[in-house]
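*Asks:* Predicted model and sequence follow; I will ask about them next.
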Amino acid sequence: MKITKIKNSITLTLALAAVVGLYSCKKDGLAPSTTSGAKISFGVSADKSFASAAPGTAAAAITWTAGVANISQFKFEAVKGGVKTEISARGLTNVDLFAISPALVGTTIDTGTYKQIEVKLEFVKSGAALPLSVQGSFTAPDGTVVPVEIDVNESFELKAEANNVFVDKTTDLKSIIKLHLDKVLAGITVTDLGAATQTSGKIIISSTSNSAIFNKIKANVASAGENEFEGEHEHAGGDDNGHGGSGSHGSDG
């Protein structure tokens, strides 16, 4: 009987200890971590630079005033530790391309050093929403100012490359794709726009309006992006798993 009492006492003590421990964890807000990586966010913006002139011609200079993009998905492809890695995030709609702070969509990324980076944006036509639309004004040779609207009304993919980037647990990484509008207009001249068909006093460039100019733009736009990383951490001497080394960000439009 004495042995039975001792066993019962031990059982009660252990049970109380478990309850106290559970209460302490809840009280302190302690819980196992559910993520082991860092955060990466994706966005897109446009610049207002002018196009480069074709040899022996004058470039078509457009003063940009507005731009909207609809992106179905961002993809981050790279090599980490010798293995190809792919991260994706669902896209953004009605993105103001000239906003001071670009709209962002985020996901998680494992820590370490990433190489051979390629960021892809998938612009997909969905209903009445255009993948890409930019507006501005063009000054014709006679001094007339004509409104211009470029409507990329077909799905397309934009790619941008970058050099090595290092991610640690304190990283809040941003991958911003800069859409260079001068590259979108590369090879399009004042003569081209001056001869363009106008609709109600506006030059509309799409697959069904001024299609010859549109086809040039369509060929240009896929490679008109440049990737810029923000919030990257520098480190010194190490490997692809983030144990030292040196990281740098880069871009290649």
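*Replies:* All right, it came through fine.
*Asks:* Grab the nearest non-local neighbour of Ile204.
*Replies:* With sequence-adjacent residues excluded and distances taken as Cβ to Cβ, 6 or more residues apart in numbering, Ile204 is closest to Glu149, at 5.1 Å. For glycine as for every other residue, the C-beta is placed from the backbone atoms N, C-alpha and C.
*Asks:* Give me the number of neighbouring residues for that neighbour.
*Replies:* Glu149 has 16 neighbours, counted by other Cβ atoms under 10 Å.
*Asks:* Ok, the one 5 residues further on next?
*Replies:* Other residues within reach of Glu154, judged by other Cβ under 10 Å, total 15.
*Asks:* one step back: secondary structure class of the residue nearest to Ile204, three-state.
*Replies:* Secondary structure for Glu149, judged by DSSP: H, G, I helix; E, B strand; the rest coil, is strand.
*Asks:* Any idea what it is bridged to?
*Replies:* In this structure, Glu149 bridges to Gln135, Ile204 when assessed by DSSP bridges.
*Asks:* what's it in contact with, if anything?
*Replies:* Ser133, Val134, Gln135, Lys202, Ile203, Ile204, Ile205 (Cβ atoms under 8 Å, 6 or more residues apart in numbering).
*Asks:* how about a cut-off of 10 Å?
*Replies:* By Cβ atoms under 10 Å, 6 or more residues apart in numbering, the residues touching Glu149 are Ala66, Ser133, Val134, Gln135, Gly136, Thr199, Lys202, Ile203, Ile204, Ile205, Ser206, Ser209.
*Asks:* what does Ala66 give?
*Replies:* Per Cβ under 10 Å, 6+ apart, neighbours of Ala66: Ala46, Asp96, Leu97, Phe98, Ser133, Val134, Gln135, Gly136, Glu149.
*Asks:* run the last query once more with 8 Å
*Replies:* Contacts of Ala66 by Cβ under 8 Å, 6+ apart are Phe98, Val134, Gln135, Gly136.
*Asks:* gap between it and Pro147?
*Replies:* Distance, Ala66 to Pro147, using Cβ to Cβ, to the nearest Å: 11 Å.
*Asks:* So, low pLDDT: which residues of the chain?
*Replies:* 1-36, 48-60, 232-253 (pLDDT under 70).
*Asks:* domain parsing for it?
*Replies:* Domain ranges of the chain: 1-31, 38-230, per automatic domain parsing.
*Asks:* follow-up on the earlier one: now list whatever residues contact both of Ala66 and Pro147.
*Replies:* Contact criterion Cβ under 8 Å, 6+ apart; residues shared by Ala66 and Pro147: Gln135, Gly136.
*Asks:* Sweet, I'm off.
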